[in-house]
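# dropping a prediction and its sequence here:
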Amino acid sequence: MASLMEIVIVGLNHRTAPVEVRERVSYTAEQASRAASELRSRGILEETLVLSTCNRSEVYGVPPETSHESAAGLSSFLSEFHKVQPDILSVSLYHHYDRQAVRHLFRVSAGLDSMMLGEAEILGQVREAYKFAYEQGATGPVLNRMFQAALEVGKRVRSETELGTRPMSVASAGVKLAERIFGKLAQRTALVLGAGTISEQVMLQLRDRGIGQLLMMNRSMERAKKLATEFHGMVVPWGEWGDALRSPDVIVSSVTAAEPILERAILERAMSARGNRALFIMDLGLPRNIEPAAAEIYNVYLYNLDDLGGIVQQSRAMRENEVPRAESIVDEHVGKFLSWQASVELVGLVDELRARLQHERTAFIRERMETMKHLSAQDRQHMETLMGELLEKLLLEPAERLRGEKELRRKIQNVEALRDLFLSNREKQ
Amino acid sequence: MLLALGLVAHYFALLERSRGLHTVPYHDLYGSMSLFGWLLALTYLALEFYHQQRSVGAFAVPFILGFFLIAHLAPADRLSPTVAHGVVFALHVTLSILAYAAFALSFVLSVIYLAEERLLRSRKLSNVVWRLPSLELLERMSRSSVLVGVISIAIGTVLGFIWVDRLTGQYWFYDPKYVITLVVLFLYLLYFQLARSTTWRGARASKLCVFNFIVVVMSFTVVNLYLSHSHRYF
């Protein structure tokens, strides 16, 4: 039976569930594919897609029947699958149908539903989840279209609004500034002074942005070596500034020290040794690690913790201002998707209607012709053809208008009602 | 993309005009500005293509459009055939104007560079900084633009001498334009060298590039209008 396309999503995220619950309901790749195939084999869903990140764990699907009851079945499946008691799970789970479900996905991929507003990572995670489900054959026409649209929404929001362009942490602010100066970081070298957690955060950002080479310098070699292996970097012995300052384009410093560890004079010498190649310094130490006067040296860009913090503050406000624009992109695409869905369903409806009428015609003719014995076989054939032509003529115009007129499709809000009117078999029940 | 279409349309307009003249449109301000604008846009597109970077467009294209507007305001003479034509001459004019267009582009890029550099060094970041292309890209594009300019002005000038030689049998008669062109050539070679080497790279080189273009503008205006006889409009 051709079904009406209901879309359902059941899941939980960082807002509805604490980490203890989230970690129990998360999926490995193997679990995701097993859950998807079980959902389909048990007839709970026809199309499925599992989206599991550290902040959310969601199942998208198209159930075989339109009943708006699929969420309940899905929830109990989830508690069984993850072996979590239903009452624990039920307080955390949310579910959406149709328009709300589509909107939810589009907001997720736009980064509007993220813990950090506008973060870019989620778009990649949505892409991966879609690719995975698609390759497993778990998705179908509806989810394919929906996720392709979601990826487009994510891309548009990031290119047309400032939601994703602005740095969200001191570390990413610094790395983004480095890109203002050097462009792509692939050919660049960064020197990290200190091996604390802040250094680690910055290294993570630098690696994400494709830094060419990472150099590590720390008073304790051991810790430096550990971080260096983790990030495929190189350890440089502490204090040998003459050599160490020659190659890097970016210096990140977060060392606990009472006095500045890099004085202006050292940096001045280093700059002339490197032929004044631009040098970007992030001083994340408190008290400051770099003598502030170093900012006056030609082609040195020196930012301290307050400068970077100010940028983060500024961009937080900016990002929040961008939310309405992002939401309107989401709404636009929700509208587009629903109109596509309606058109597919309406065209399907017309095809069903045609089949149904053809069937009725054949039955009708067979019944009535019995009483008209005087007609020749040729005449009967002729009448049958004529009736067929009449049916085609009646259906042709509406079918063409449905294909051609977007506005008309938008006006027909409830395809189900139409189906009910023309196709239900009430008298036979 | 739109710019590319505009370029094609403009090309036909130029072609039409040169048919009427039997040579490259150079003898009136309208013609040479028009050609200038066209070559400017062409150079920009070539750079954009070469560097695979489009983020500069939003800032550079308004300048290009500005030149077109000025060109339109400039008086257009009635088309009248002139004494000067021939392939060598046409190339001389086109290459020289191409050089000026490339220099103008490097000027625009350097101005953006200096503004962004100032913002970044002062640590007062307004919103525009996040929209600007990176300093490294601006510098690279400016350098390749200057390279285009230097090569084409060198060839253009040599062709100019050849043409004068054919016309008058002597390749040197004194024209202040020669002097200023050599000065311009020298200044840009200097920039090209300094932008790559120590101490001057960065903002200082960009300042030189801005200064150089001021000299070019002088050559375009003061020298052409008051001092030179054979180079009225280019």
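That came through fine.
# need phi/psi at the residue in the stretch 251-400 of chain A that chain B sits nearest to.
Among all residues of the stretch 251-400 of chain A, A:G275 sits closest to chain B, at 3.6 Å; criterion: CB to the nearest CB. C-beta coordinates here come from the backbone N, C-alpha and C atoms, glycine included. Note on A:G275: its backbone torsions stand at phi 60, psi 40 [degrees, to the nearest 10].
# check the one 10 residues further on too.
Geometry field for A:G285 lists phi and psi as phi -80, psi 150, criterion degrees, to the nearest 10.
# what is the neighbour count of it?
Burial of A:G285, expressed as a neighbour count using other CB atoms under 10 Å in any protein chain shown, amounts to 22.
# the strands in chain B, which residues?
Listed in chain order, the strands of chain B (DSSP state E) amount to none at all.
# give me the element A:F280 is part of.
Secondary structure here is read from DSSP states H and E; on that basis A:F280 sits in strand A:279-283.
# which residues does A:Y303 contact?
The neighbourhood of A:Y303, defined by CB atoms under 8 Å, 6 or more residues apart in numbering or on different chains, consists of A:G174, A:L177, A:F280, A:I281, A:M282, A:D283, B:R123.
# secondary structure element for the most centrally placed residue in chain A?
Among the residues of chain A, the smallest C-alpha distance to the mean C-alpha position (CA atoms, centre = their mean) belongs to A:S109, namely 2.9 Å. Using DSSP H and E, A:S109 maps to helix A:98-110.
# so for that helix, what gets flagged as buried?
Neighbour-count burial for helix A:98-110, counted by 16 or more other CB atoms under 10 Å in any protein chain shown, picks out A:D98, A:A101, A:V102, A:R103, A:H104, A:L105, A:F106, A:R107, A:V108, A:S109, A:A110.
# over to stretch A:259-271?
Neighbour counts using 16+ other CB under 10 Å place A:P260, A:I261, A:L262, A:R264, A:I266, A:L267, A:E268, A:A270, A:M271 of stretch A:259-271 among the buried residues.
# likewise for stretch A:29-42?
Neighbour counts using 16+ other CB under 10 Å place A:A32, A:S33, A:A35, A:A36, A:L39, A:R40 of stretch A:29-42 among the buried residues.
# so which bits of the stretch 301-429 of chain A are right by chain B?
A:Y301, A:Y303, A:D307, A:I311, A:Q314, A:M318 (CB under 8 Å from any CB of the partner chain).
# among the residues you listed, which one has the most neighbours?
Ranked by the number of neighbours (other CB under 10 Å), those place A:Y303 first, at 25 neighbours.
# tell me the gap between the helix or strand harbouring it and the middle of its chain.
Element membership of A:Y303, judged by DSSP H and E, is strand A:300-304. Its chain's C-alpha centre and that of strand A:300-304 lie 35 Å apart, by CA atoms, centre = their mean, to the nearest Å.
# let me know the angle separating it from strand A:279-283.
Strand A:300-304 and strand A:279-283 are oriented at 10 degrees to each other (axes from the mean of the first three to the mean of the last three CA atoms, to 10 degrees).
# returning to what we had before: check which element follows the helix holding A:S109 along the chain.
Towards the C-terminus, the helix or strand next in line after helix A:98-110, according to DSSP H and E, is helix A:121-135.
# and residue 204, how many residues sit next to it?
Chain wasn't specified; assuming chain A. For A:L204, the neighbour count with other CB under 10 Å is 15.
# look at chain B instead
Using other CB under 10 Å, B:R204 is surrounded by 15 other residues.
# no further queries at this time; thank you.
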